[in-house]
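K.L.:
give me a model of this one.
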Amino acid sequence: MTALILARAQFAFVVSFHFLLPAFTIGLASYLAVLEGLWLRTGSGVYANLYRYWLKIFAIAFAMGVVSGIVMSYQFGTNWSVFSDKAGPVIGPLMAYEVLTAFFLEAGFLGVMLFGINRVGKGLHFVATLAVAVGTMFSAFWILSANSWMQTPVGYEIGANGQFMPGPSWATIIFNPSFPYRLVHTVLGAYLTTAFAVGGVGAFHLLRDSGNRGARKMFSMAMWMAALVAPIQIFAGDQHGLNTLEHQPAKVMAMEGHYQSHPDGAPLILFGIPNSAEKSVDYAVEIPKASSLILKHDLNAPLAGLDTIPDENEPPVWIVFWSFRIMVGLGFAMFGLGLWSLAARLRGKLYDWPMLHRAALVMGPAGFVAVIAGWVTTEVGRQPFTVYGLLRTEHSVSPLDAPAVAASLAAFALTYFVVFGMGIGYLIKLMGKPPQAGEEGLDGLPIRSAGVTPAPAVLEGDAP
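P.N.:
Numbering: from 1, shown residues only. Modelled structure (predicted):
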């Protein structure tokens, strides 16, 4: 276990914990904005109750995300100082923009969002909720821009000391070739992660009490999101894959398990065991020429394989091959559950099909698993480079001894499992409590005494 392997393991461990939290809070912040907007428009207390229900969960997840993000950023200086020195002139400003435009916006309005409903009024409180939601999007924008530049570096110049220096146009760096695709795919993944978490909680409470209005509403809204966004995400993922084929062909070769080139059409390998020693996929289950059809829209289109890439530049095929299949499989499972919910809705059985509710409950964590699998595919597929094709990972690590990195890794693992285990346990405890059945507004007052005229009653299935 070299210092390089341990440093990579430590970064992977810490960022995996961190990535789960923004993936949840990006979608949850937008969901809270929708709930408050619907409460202001309709006056229905069910939206206010759901807002309060998820606001507490959002606050805890947001705090955990901030803490884990701070810890993660320190590793650039401790374990990856050479990378920080070489790429800092480009990556540093992008991360600073994230703090200035996103974190300050989120942190500045979060207090108003949590405690200000009785102090600033309904309109300004809604503005605060929207500001937090926009802040989470800005955060995703800048972080993904920095990460995408590492995947598809453009707009740089090499300085005299070997540093990557920004060229004349920051726009070229920010909007690098893979950034638009990565931004859309990641944000949609965050929305689906939140939708299935909300849907799983709603399904849990429907199984216990099918008449709970809050559970009905959250389950209905989550299933609309699944039905509408999952197919869009599949299309966005396909476009992202085509972009990756253009700019990072070795990553796609590893994803597809194509050790050998296919001049007359490449098969789509559904399952198998990658064997890098033999340069083949053992026990492969494949569809002839389907990969060429997907990637080139031509059954007979030639596709290059890893035999065209030097061995020292190949990514770890086994990890990328399987993480990609986990992500894609869960994506189609989400799409299937969305279609199932549409069928139940059309038959008027959305709240009366226990099998659907059990499936939604099982799929509750699916979004979290899918985003981690997608992150593994993206980051491991970039190896053996930190800046793709330009700076190798082995040349990016700090000059540390293995025992020093092992000690910090053990400390992080122990601390994270204790602290974040307690935090996640408390989040699950909050989700296990059913939504309130009252008709209070966000200010805790009954709807009529709060000066809001309730909207005409509507059937649960007719609401968004």
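K.L.:
for the stretch 251-400 of the chain, which segments count as helices?
P.N.:
Along the stretch 251-400 of the chain, counting by DSSP state H, counting those that start in this stretch, helices occupy 290-296, 317-346, 354-362, 366-382.
K.L.:
of the ones you listed, flag the one that's most buried.
P.N.:
Greatest average neighbour count among the helices of the stretch 251-400 of the chain goes to helix 366-382 (a mean of 22), per mean count of other Cβ atoms under 10 Å. Bear in mind the C-beta positions are built from the backbone N, C-alpha and C, glycine included.
K.L.:
what angle sits between that one and helix 317-346?
P.N.:
150 degrees (axes from the mean of the first three to the mean of the last three Cα atoms, to 10 degrees).
K.L.:
can you give the distance of helix 366-382 from its chain's centre?
P.N.:
8 Å (Cα atoms, centre = their mean, to the nearest Å).
K.L.:
any chance of the helices of the stretch 251-400 of the chain in CSV, plus distance to Thr186?
P.N.:
Formatted as CSV, these follow (distance: least, Cβ to Cβ, whole Å):
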stretch, distance to Thr186
helix 290-296, 21
helix 317-346, 12
helix 354-362, 23
helix 366-382, 8
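K.L.:
mean pLDDT lowest where, among the ones you listed?
P.N.:
For those, mean pLDDT drops lowest on helix 290-296, to a mean of 89.
K.L.:
which residues touch it?
P.N.:
238, 241-242, 245, 252, 256, 258, 262, 265-269, 298-303 (Cβ atoms under 8 Å, 6 or more residues apart in numbering).
K.L.:
so which of these belong to strands?
P.N.:
Among these, the members falling in strands (DSSP state E) are Leu268, Ile269.
K.L.:
thinking again about what came up before, nearest to Ala107, of the helices of the stretch 251-400 of the chain?
P.N.:
helix 366-382 (23.6 Å; Cβ to Cβ).
K.L.:
show me what stretch 398-414 is in contact with.
P.N.:
1-3, 6-7, 9-10, 13-14, 71, 78-82.
K.L.:
and stretch 105-115, by the same measure?
P.N.:
32, 55, 59, 62, 119-120, 124-125, 127-129, 131-132, 134-136, 138-139.
K.L.:
ok, now stretch 175-189?
P.N.:
23, 26, 137, 140-141, 144-145, 147-149, 151-155, 229, 232-233, 236-237, 239-240, 243-244, 246-248, 367, 370-371, 374, 378.
K.L.:
make it 6 Å
P.N.:
For stretch 175-189, the surrounding residues in contact (Cβ atoms under 6 Å, 6 or more residues apart in numbering) are 140, 144-145, 148-149, 151-152, 154, 229, 233, 236-237, 239-240, 243, 247, 371.
K.L.:
just the residues you listed: which are in helices?
P.N.:
Members of the contacts of stretch 175-189 lying in helices (criterion: DSSP state H): 140, 144-145, 148-149, 151, 229, 233, 236-237, 239-240, 243, 247, 371.
K.L.:
which members of those residues are classed as buried?
P.N.:
Of all the ones in helices among the contacts of stretch 175-189 considered here, the ones buried according to neighbour count by 16 or more other Cβ atoms under 10 Å are 140, 144-145, 148-149, 151, 229, 233, 236-237, 240, 243, 247, 371.
K.L.:
closest to Arg347 among the residues you listed?
P.N.:
The closest of those, once distances to Arg347 are taken by Cβ to Cβ, is Val229, at 22.2 Å.
K.L.:
re earlier: in the ones in helices among the contacts of stretch 175-189, find the pair that's most separated.
P.N.:
Trp149 and Val229 (26.9 Å).
K.L.:
what residues sit buried inside the lowest-mean-pLDDT helix or strand in the chain?
P.N.:
Ranked by mean pLDDT, DSSP states H and E, the weakest helix or strand in the chain is helix 117-120, scoring a mean of 81. Using 16+ other Cβ under 10 Å as the test for burial, helix 117-120 gives Ile117.
K.L.:
how near is His395 to Ile424?
P.N.:
According to Cβ to Cβ, to the nearest Å, His395 and Ile424 sit 37 Å apart.
K.L.:
and those two? Which one has more around it.
P.N.:
Ile424 (16 against 13; other Cβ atoms under 10 Å).
K.L.:
mean confidence for the lengthiest helix in the chain?
P.N.:
Criterion DSSP H: the longest helix present in the chain is helix 3-42. Per-region confidence: helix 3-42 scores 89 on mean pLDDT.
K.L.:
what distance separates it from the middle of the whole chain?
P.N.:
7 Å.
K.L.:
likewise stretch 113-122?
P.N.:
The answer for stretch 113-122 is 30 Å, by Cα atoms, centre = their mean.
K.L.:
now stretch 117-129
P.N.:
Relative to its parent chain, stretch 117-129 has a centroid offset of 29 Å by Cα atoms, centre = their mean.
K.L.:
the chain should start at 2 in everything you say after this.
P.N.:
With the count now opening at 2, the last piece we talked about shows up as stretch 118-130.
K.L.:
quick check: which of the helices of the stretch 252-401 of the chain is nearest to Gly168?
P.N.:
Here helix 367-383 is closest among these (Cβ to Cβ), at 21.8 Å.
K.L.:
which residues touch the closest residue in space to Ala255 that isn't next to it in sequence?
P.N.:
Nearest residue to Ala255 in three dimensions, chain neighbours excluded: Val321, at 4.1 Å (Cβ to Cβ, 6 or more residues apart in numbering). Contacts for Val321 were tallied using Cβ under 6 Å, 6+ apart; they are Ala255, Met256, Thr378, Val381, Gly382.
K.L.:
gap between Met75 and Ser399?
P.N.:
Heads up, residue 75 is Tyr, not Met. 12 Å.
K.L.:
I should have written Ala147 there, sorry.
P.N.:
Counting by Cβ to Cβ, the gap from Ala147 to Ser399 is 20 Å.
K.L.:
next: Ala88.
P.N.:
From Ala88 to Ser399 the distance is 14 Å (Cβ to Cβ).
K.L.:
neighbour count: the two, which is higher?
P.N.:
Per other Cβ under 10 Å, whichever of Ala88 and Ser399 has more neighbours is Ala88, with 24 against 20.
K.L.:
A helix includes that one, no?
P.N.:
Yes. Counting by DSSP: H, G, I helix; E, B strand; the rest coil, one finds Ala88 located in a helix.
K.L.:
show me what contacts the residue lying closest to it once chain neighbours are set aside?
P.N.:
Distances taken as Cβ to Cβ, 6+ apart put Phe165 closest to Ala88, at 5.2 Å, once the chain neighbours are dropped. By Cβ under 6 Å, 6+ apart, the contact set of Phe165 is Ala88, Val91, Tyr157.
K.L.:
so which of these is the closest to Asn276?
P.N.:
Ranked by distance to Asn276 (Cβ to Cβ), the contacts of Phe165 are led by Ala88 at 34.5 Å.
K.L.:
the closest one and Gln76, how far apart?
P.N.:
The value you get for Ala88 to Gln76, if Cβ to Cβ is used, is 14 Å.
K.L.:
also Ala305?
P.N.:
Applying Cβ to Cβ to Ala305 and Gln76 gives a distance of 35 Å.
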